[in-house]
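1. My questions concern the predicted model and sequence given below.
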Amino acid sequence: MNVQADPRFAGIVPFSSKIWLASPTMHGGEQKYVEEALRTNWVSTVGANIREAEAAIERKTGRKYAVALSTGTAALHLAVRLCGEKLYGRPKAGHGALEGRRVFCSDMTFGATVNPVAYEGGEAVLIDTEYDTWNMDPAALEKAFALYPEVRLIVVAHLYGTPGKIGEIRAIAGKHGALIVEDAAESFGAAYKGVQTGMFGTESVTSFNGNKIVTGSSGGMLLTDTEEDANRVRKWAAQSRENAPWYQHEELGYNYRMSNIVAGVLRGQLPYLEEHIARKKAVYERYRDGLKGLPVSMNPFDGENSTPNYWLSCMLLDRSAMCRQVRGERESLYRSEPGKSCPEEILAALAAFNAEGRPIWKPMHMQPVYRMNPFVTAGGDGRVAHIAGNGDDVGMDIFDRGLCLPSDNKMTPGDQDIIIQIIRSCFD
Ligand SMILES: *Cc1c(COP(=O)(O)O)cnc(C)c1O
């Protein structure tokens, strides 16, 4: 986008240092714990930082056992494997735990939510999204059980730090005897009816990847209720080594442990969780107020029942305010129109001024890798997969009209005013 030549942006000066979507925010305490690990030679996958970080996560979420792992994705993989074994028994030697099984999964989410089902040989049945919180639609889930009554596992995410309709989803799961893997990677610190996300799954997962609400530079945790489950996960994550003089393997193993260095960064970050949430909330509210009068709305949440962590501030354009925008698999086109805009134009304008936004997570049913998977919506007969524009496909609609705004903790109110001005100018 040539913003110099575009009179709508006259007088706006590009940011001299980039405004990020969500970058790590260090406070100093991280260094102390990392240095301690280095000084005492505890730099591998055992050590005080790991134990302390696990204990802190247990205290914060209220979950009995937290197991530190290398990534949120690794934690999701082992959570899915554990549920698979609980439901269907120990897999054949050398095989996945979900072979030939269908699993209901959030559709509009990061690929990491859904991929572990395929790692275990299962087939993800993708469940459409609702407009109230942008998470899995309980009505579509109910419909999916009518279509696939044999399913016993649900993988559900809380997107952008906003708790989904997890009470309803748990009730539906209970009715059908299904287990839940809860992906709380983006929602650490967010609560539903006063209970922390991470408490709602049979197994739950959180992530401490670099752009999350708090970070270990990387890392994730699996949250569970029994010592037996926690120990199984610990064993699997350490290559499933049996108690024998040699490397004895009776089950598939993984190298998924967290390092004590990573845990040091995380341990130093955890005291700042509430501060990060407060800053993110202020960012969200400044956008909400600053964008008033435009034909847009913010990513919604259930203010009565849930407390988000406001990880990312997102925006949805009214359909009537959309200029023409076409997205192919890897590139896009749009045409500016007076009084209208679209996510691609706004993202291009932000980038031209050195600020980072992002499209909404492209729904899994629109991804080539999952194109042949079943997709269930709440409307119609539930089988409307891949028919664009029929009004039933909520995920496709939010992807089309939505975007993630720069939501960095360290953005100043002044920076944010300029971003709001850029967005407003797109609608001139
Ligand atoms: C970040 C994220 C993950 C994966 O976490 P990593 O630690 O990056 O592996 C999983 N699910 C969702 C929804 C995420 O945003």
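-> Everything's here; your move.
2. how many neighbours does M136 have?
-> The number of residues packed near M136 is 31, by other Cβ atoms under 10 Å. The C-beta positions use only the backbone N, C-alpha and C, and glycine is treated the same way.
3. Give me the phi and psi for it.
-> Per-residue torsions, M136: phi -50, psi 130 (degrees, to the nearest 10).
4. Over to V205?
-> In terms of degrees, to the nearest 10, the main-chain angles of V205 are phi -140, psi 140.
5. Ok, Q416 next?
-> When read as degrees, to the nearest 10, the backbone of Q416 gives phi -70, psi -30.
6. That one is in contact with Y287, isn't it?
-> Yes: using Cβ atoms under 8 Å, Q416 and Y287 qualify as a contacting pair, with a distance of 7.3 Å.
7. In contact with S218: list those residues for me.
-> Contact analysis of S218 by Cβ atoms under 8 Å, 6 or more residues apart in numbering lists 70-71, 208-210, 262.
8. Which pair of the residues you listed spans the longest distance?
-> For the contacts of S218, the farthest-apart pair by Cβ to Cβ is S70 and G210; their separation is 13.6 Å.
9. So which of those two has more stuff around it?
-> The residue with more neighbours, out of S70 and G210, is S70; 20 against 14, by other Cβ under 10 Å.
10. G216 and the ligand, how far apart?
-> 9 Å (Cβ to the nearest ligand atom, to the nearest Å).
11. Could you do V195 as well?
-> Look at V195 and the ligand: by Cβ to the nearest ligand atom, they are 19 Å apart.
12. Run a quick neighbour tally on T197.
-> By other Cβ under 10 Å, neighbour count at T197 equals 32.
13. what does the one 4 residues further on give?
-> For G201, the neighbour count with other Cβ under 10 Å is 27.
14. Check S320 too.
-> For S320, using other Cβ under 10 Å, the count is 8.
15. who's in contact with N115?
-> N115 neighbours (Cβ under 8 Å, 6+ apart): 73, 76.
16. Dump stretch 121-134 to PDB, restricted to CA.
-> The C-alpha coordinates for stretch 121-134 follow below in PDB (Å, rounded to 0.1, in the frame of the first residue of the first chain):
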ATOM      1  CA  GLY A 121      -4.200 -41.500  13.600                       C
ATOM      2  CA  GLY A 122      -7.700 -40.000  14.300                       C
ATOM      3  CA  GLU A 123     -10.000 -37.900  12.100                       C
ATOM      4  CA  ALA A 124     -10.900 -34.400  13.200                       C
ATOM      5  CA  VAL A 125     -14.600 -33.600  12.700                       C
ATOM      6  CA  LEU A 126     -14.600 -29.800  12.700                       C
ATOM      7  CA  ILE A 127     -17.300 -28.000  14.700                       C
ATOM      8  CA  ASP A 128     -18.300 -24.500  13.600                       C
ATOM      9  CA  THR A 129     -18.000 -21.300  15.700                       C
ATOM     10  CA  GLU A 130     -20.600 -19.100  17.400                       C
ATOM     11  CA  TYR A 131     -20.700 -15.300  17.300                       C
ATOM     12  CA  ASP A 132     -21.000 -14.600  21.000                       C
ATOM     13  CA  THR A 133     -17.500 -15.600  22.000                       C
ATOM     14  CA  TRP A 134     -15.900 -16.800  18.700                       C
END
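17. Let's have the contacts of S218 in CSV, adding pLDDT, secondary structure and distance to E123.
-> Output for those, formatted as CSV (pLDDT from 0 to 100; DSSP: H, G, I helix; E, B strand; the rest coil; distance: Cβ to Cβ, whole Å):
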residue, pLDDT, secondary structure, distance to E123
S70, 98, coil, 26
T71, 98, strand, 23
F208, 98, coil, 30
N209, 97, strand, 27
G210, 95, coil, 31
V262, 98, helix, 33
